[in-house]
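In: Sequence plus predicted model, see below.
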Amino acid sequence: MENKRILDNKAKLMRAAIDLMAEKGYKGVSTKEIAAAAGVSEMTLFRNFGSKINLLDKAVDHYHYSIEMTQIFDEQVIGDLRTDLLTISRLYHEMMERNRQLFLIVLSDQELTEIREKAQKHPRKLLELLTNYFMDMQRKNKMVATDAEMQAITFMWMNYGAFISQLFVKSELTAKSKQDFMSSSVDLFVRALSP
C-alpha cells in the first residue's frame, strides 16, 4: 500500500508540474505551487524528485512515447506497408497530442537544453524501430531496396513537422484534417516504396 501511495504522489506531482509549467513556464512555477496543486507537501516533492528540474526530467521520461512505440511495433505492425504506416502515424499523433504540454514546456525554455537533449532518446528509438521495420520489409520483398534509415527519418520528420506546425499556434494552416494529411502522406510513401 505504501508503494502505491508513493507512485500516486509521483504521478500527481508530475501531472501538476506539467499543467502549471505549461501555463506559467518553467521559471514561473515554484516547488511549493506544484506540491500544493498535487495535494502533497513540498517535502514530498523533494523526497521523490530532489528538485524541480529532476521532477520535469522524470515527467519527460514517464510521459514520452518510446515504450508505447516499441509496443506498437511488437503488437500492431502486421507487415502491410500502408496499414502499418497509417497505424504508426495515427498513434504517433495521438501520443504527441497527449504530451502537447510537455513539448510546450521543453521547447519554450532555453534553460532546459539538457532535458531537451535527453528527450532525444525517444525519437532515436522511433528511428531505430522504423529503420528496422523498413529493412525487414525490404528483406520480405514488400518494399523496394532503399536507404531504410533515410526513409525512416523522412517519415518521422514529416509527421513531426505536422505536429509542430500547430504546437504554438491554434489556428489551422489548412482546412485539410490531420487524418487527410496522414492518409495522403502514407499513400505517397506506399506508392514510392512498393515494389
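Out: That came through, no problem.

In: So which bits of the lengthiest helix in the chain are buried?
Out: Longest helix of the chain, by residue count under DSSP state H: helix 2-24. Across helix 2-24, burial judged by 16 or more other C-beta atoms under 10 Å covers 9, 10, 12, 13, 14, 15, 16, 17, 18, 20, 21, 22. The C-beta positions use only the backbone N, C-alpha and C, and glycine is treated the same way.

In: what's the answer for stretch 40-52, then?
Out: 40, 44, 45, 48, 49, 52.

In: Likewise for stretch 112-119?
Out: Quick answer for stretch 112-119 (16+ other C-beta under 10 Å): 112, 115, 119.

In: that older thread, now render the buried residues of helix 2-24 as CSV, adding pLDDT and distance to residue 76.
Out: Listed next are the buried residues of helix 2-24 as CSV, based on pLDDT from 0 to 100; distance: C-beta to C-beta, whole Å:
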residue, pLDDT, distance to residue 76
9, 87, 33
10, 90, 29
12, 91, 31
13, 94, 32
14, 92, 27
15, 91, 27
16, 94, 32
17, 92, 31
18, 90, 27
20, 92, 34
21, 91, 32
22, 86, 30
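
In: returning to that earlier point: contact partners of whatever helix or strand comes next after the longest helix of the chain?
Out: Note on helix 2-24: by DSSP states H and E, the next helix or strand toward the C-terminus is helix 31-38. Residues from elsewhere that reach helix 31-38, judged by C-beta atoms under 8 Å, 6 or more residues apart in numbering: 9, 12-13, 15-17, 19-20, 41-42, 44-46, 51-52, 55.

In: rewinding a little: same for the longest helix of the chain, what does it pack against?
Out: Packing partners of helix 2-24 (3 or more C-beta pairs under 8 Å, 6 or more residues apart in numbering; DSSP states H and E): helix 31-38, helix 42-49, helix 52-63, helix 100-108.

In: Pull that helix out as CSV, backbone CA atoms only.
Out: C-alpha atoms of helix 2-24 as CSV (Å, rounded to 0.1, in the frame of the first residue of the first chain):
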residue,chain,number,x,y,z
GLU,A,2,2.9,2.3,0.8
ASN,A,3,4.4,1.8,-2.7
LYS,A,4,1.1,2.6,-4.3
ARG,A,5,0.8,5.9,-2.4
ILE,A,6,4.4,6.8,-3.4
LEU,A,7,3.6,6.1,-7.1
ASP,A,8,0.3,8.1,-6.8
ASN,A,9,2.2,11.0,-5.3
LYS,A,10,4.8,10.9,-8.0
ALA,A,11,2.1,10.8,-10.7
LYS,A,12,0.2,13.7,-9.1
LEU,A,13,3.4,15.8,-8.8
MET,A,14,4.4,15.1,-12.4
ARG,A,15,0.9,16.0,-13.7
ALA,A,16,0.7,19.1,-11.5
ALA,A,17,4.2,20.2,-12.7
ILE,A,18,3.2,19.8,-16.3
ASP,A,19,-0.1,21.6,-16.0
LEU,A,20,1.5,24.6,-14.1
MET,A,21,4.6,24.8,-16.2
ALA,A,22,2.6,24.7,-19.5
GLU,A,23,0.6,27.7,-18.1
LYS,A,24,3.3,29.8,-16.4
